[in-house]
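Novice: Pasting the sequence and the predicted coordinates here, then a few questions.
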Amino acid sequence: MREKGEVVLEVRNMCKNFGSTIALNHVDFQIRKGEIRGLIGENGSGKSTVSSIIAGMQPATDGEMFYHGKPWKPKTMLEAAKAGIGMIVQEAGTIDNITVAENIFLGNAADFLKGPFVNRKAMTKAAAKALTDCGIDYINASYPTRLLDMQKRKLVEIAKVMSLNPEILIVDETTTALSQRGRDILYKIMHKLADAGKSVMIISHDMEEMMTHCDVLTILRDGEIIDNLDKQDFEDSKIKKLMVGREIQGNYYRNDNDTWSDEVVLKANYITTLNDLMCFNLELHKGEILGIGGLSDCGMHALGRALYGLDEVIDGEVVLTETNTVVKDSIIAFQHGMGYVSKNRDSESLELMAPVKENIQSTGYWKNIWKKPLIDFKKEKKYVTDQVESLSIKCRDINQPVRFLSGGNKQKVVFGKWIAADSSILILDCPTRGVDVGVKASMYQLMYEMKKQGKAIIMISEELPELIGMSDRLLIMRDGAVSGEFYRKDGLNEHDLINYMI
Ligand SMILES: Nc1ncnc2c1ncn2[C@@H]1O[C@H](COP(=O)(O)OP(=O)(O)OP(=O)(O)O)[C@@H](O)[C@H]1O
């Protein structure tokens with residue numbers, strides 16, 4: 001274990017209220033030099049709030065902070081970053097319509113002034129160096145950022161924060177957006193910083209990741225610090241219990257070997273898309289949970305989009321076999337009982353400015369809460385509250401705009417809106433992204449119940465344990481094609497699958 005140094009940042013008695021919501025309630029903790037501190041807790045427990053206050057995104061309602069022993073009250077993220085506290089935020093932190101280099105030096109363009117103009121060549125060169133220093137030399141600094149996928153944008157954010165040489169790096173739920181390669185880059189940066197006597201604070205719901213990489217864990221529950229654990233005291237069940245306040249059983253996946261029907265409900269007939277898939281075949285059966293895994297750029301996310309009619313299929317077709325309907329677009333998919341949880345939560349699955357209720361209701365007007373020619377308001381309310389209750393969505397009330405919810409609670413809204421729609425075919429792309437252990441257990445249980453009701457589910461995921469734990473059949477993809485097909489009864493383990501991924 002690393003030797004801990006002196007305290008570099010101290011949070012004392014911090015409180016943060018949003019109207020009647022108490023996000024932080026008299027929080028105290030310290031960050032020491034040379035440590036990797038994990039911040040862990042259920043969705044909505046206050047992790048992002050405390051981090052964002054340290055990093056200058058918003059002020060506290062009450063309390064004090066000290067950085068290098070002096071009062072610390074940054075007004076902006078730029079001020080904090082320049083003083084040595086950099087944060088990689090949970091949501092998208094880059095701007096689409098500017099180049100990678102401009103994103104990396106956003107707020108610092110003055111460093112590249114040549115007379116009244118910005119020297120773009122010098123900026124691009126410096127950005128390329130910042131990327132290379134982080135081990136991300138495969139991203140072109142002169143590219144428009146909108147051409148990059150979500151994980152590459154996150155890597156750009158990492159390079160941006162690292163370019164200012166932080167003394168404290170805060171990483172908020174970043175790893176869920178990264179492939180294993182991206183994660184390894186981030187872990188390397190974190191350990192390098194800590195070894196150099198700097199500090200890292202990381203937030204993640206991945207228990208294994210936290211136990212492997214952190215020196216100390218601060219556990220938050222309902223805005224309060226419950227405990228601080230040193231590495232020698234890390235124990236999975238103990239941490240979970242401290243997080244949620246009750247025992248959580250270790251294995252929350254299914255433990256049955258139930259079969260599924262022979263009836264095919266969805267078919268991809270030799271589909272080809274513009275970039276990712278070539279003559280791809282797939283059959284999904286009634287009552288089947290079909291897992292799809294691989295490295296993040298293997299084409300699995302594109303497959304989910306193509307099946308739901310979001311990406312153009314230029315050859316072949318996706319067919320709903322019961323009615324022989326060709327899924328040409330997402331409207332046809334939706335009208336024929338399909339649901340889709342996108343990996344890109346904020347940009348594709350939610351209307352952020354709209355309230356929780358409107359986001360969930362949006363799938364219900366087609367058939368469930370419509371009493372022609374009017375809306376059945378009673379049904380409409382029940383449609384929403386059932387989901388808020390069963391998934392424990394933490395919101396002030398159902399009228400609260402979804403943008404004010406914590407990341408994991410936003411994910412629950414997305415999941416809930418498709419559960420409520422009673423879709424007979426669900427395509428779930430990284431459905432448990434950013435949700436805490438307790439809610440994951442409920443989501444897996446719901447998926448299993450849907451399977452038993454005869455619904456068909458495609459679960460696309462980068463997490464092998466959840467694919468192994470939940471799938472009846474599992475396809476591993478590589479370079480846009482299936483490289484391996486496995487069955488639940490095969491008694492799979494992660495090593496069996498990894499060979500087919502790389
Ligand atoms: N701008 C805001 N307006 C209103 N409420 C907010 C706002 N930001 C956060 N909250 C509330 O504060 C509480 C703590 O949220 P926070 O994002 O810090 O949780 P978290 O622990 O990071 O959760 P997650 O694991 O889901 O990301 C939540 O109840 C959230 O809804």
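Specialist: Thanks, I have it.

Novice: three-state assignment of Val318?
Specialist: Recorded secondary structure, Val318: strand (DSSP: H, G, I helix; E, B strand; the rest coil).

Novice: That one - how many residues pack around it?
Specialist: The burial metric for Val318, expressed as a neighbour count using other Cβ atoms under 10 Å, is 23. C-betas here are computed from N, CA, C, even on glycine.

Novice: residues in contact with it?
Specialist: Contacts for Val318 were tallied using Cβ atoms under 8 Å, 6 or more residues apart in numbering; they are 266-269, 271, 306-307, 309, 326-327.

Novice: for those residues, which one is nearest the ligand?
Specialist: Leu307 (28.1 Å; Cβ to the nearest ligand atom).

Novice: shouldn't Tyr448 be in contact with Asn255?
Specialist: No. The pair Tyr448 and Asn255 fails to qualify as a contact (Cβ atoms under 8 Å) at a distance of 9.9 Å.

Novice: More neighbours: those two, which one.
Specialist: More neighbours surround Tyr448 than the other of Tyr448 and Asn255, with 18 against 8 (other Cβ under 10 Å).

Novice: which is the next helix or strand following the helix or strand containing Ala130?
Specialist: Of the helices and strands defined by DSSP states H and E, Ala130 is found in helix 120-133. The first helix or strand that comes after helix 120-133 along the chain, using DSSP H and E, is helix 150-163.

Novice: packing partners for that next one?
Specialist: In this structure, helix 150-163 makes packing contacts with strand 85-88, helix 100-104, helix 120-133, helix 180-195, judged by 3 or more Cβ pairs under 8 Å, 6 or more residues apart in numbering; DSSP states H and E.

Novice: between that helix and helix 120-133, how big is the angle?
Specialist: Calculated by axes from the mean of the first three to the mean of the last three Cα atoms, to 10 degrees, helix 150-163 forms an angle of 100 degrees with helix 120-133.

Novice: out of the contacts of Val318, who's nearest Leu78?
Specialist: Minimum separation from Leu78 among those (Cβ to Cβ) is found for Ala306, which lies at 40.5 Å.

Novice: Just give me the neighbour total for the closest one.
Specialist: By other Cβ under 10 Å, the residues close to Ala306 number 27.

Novice: on that earlier part again, what's the helix holding Ala130 in contact with?
Specialist: Taking contacts as Cβ under 8 Å, 6+ apart, the residues outside helix 120-133 that touch it are 99-102, 104-105, 109, 112, 114, 137, 139-142, 155-156, 159-160, 162-163.

Novice: quick revisit: narrow the contacts of Val318 to those that are buried.
Specialist: Those of the contacts of Val318 that meet the buried threshold are 266-269, 271, 306-307, 309, 327, by 16 or more other Cβ atoms under 10 Å.

Novice: Near the ligand, which residues of the stretch 51-200 of the chain are found?
Specialist: Proximity of the stretch 51-200 of the chain to the ligand, by Cβ under 6 Å from any ligand atom, involves residues Glu173.

Novice: go with 8 Å
Specialist: Contact residues of the stretch 51-200 of the chain with respect to the ligand, defined by Cβ under 8 Å from any ligand atom, are listed as 51-52, 58, 90, 172-173.

Novice: Go through these and flag which are in helices.
Specialist: 51-52 (DSSP state H).

Novice: And the residues of the stretch 51-200 of the chain next to the ligand, which of them are buried?
Specialist: In these, burial by neighbour count holds for 51-52, 90, 172-173, counting by 16+ other Cβ under 10 Å.

Novice: related to what we said a few turns ago, reformat the buried ones among the contacts of Val318 as TSV; add pLDDT and secondary structure.
Specialist: Below are these laid out as TSV (pLDDT from 0 to 100; DSSP: H, G, I helix; E, B strand; the rest coil):
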residue	pLDDT	secondary structure
Leu266	97	strand
Lys267	96	strand
Ala268	96	strand
Asn269	95	strand
Ile271	95	strand
Ala306	96	helix
Leu307	97	helix
Gly309	95	coil
Val327	96	coil
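
Novice: Next, give me the two most distant ones among the residues of the stretch 51-200 of the chain next to the ligand.
Specialist: Of all pairs drawn from these, the one with the largest separation by Cβ to Cβ is Gln58 and Glu173; the distance is 17.1 Å.

Novice: Can you give me the separation between Lys241 and the ligand?
Specialist: From Lys241 over to the ligand the distance is 17 Å, taken as Cβ to the nearest ligand atom, to the nearest Å.

Novice: So that residue, which state does it fall into?
Specialist: helix.

Novice: Run a quick neighbour tally on it.
Specialist: A total of 15 residues lie near Lys241 under the criterion other Cβ under 10 Å.

Novice: now the one 3 residues further on
Specialist: Taking other Cβ under 10 Å as the criterion, the count of residues near Val244 is 17.
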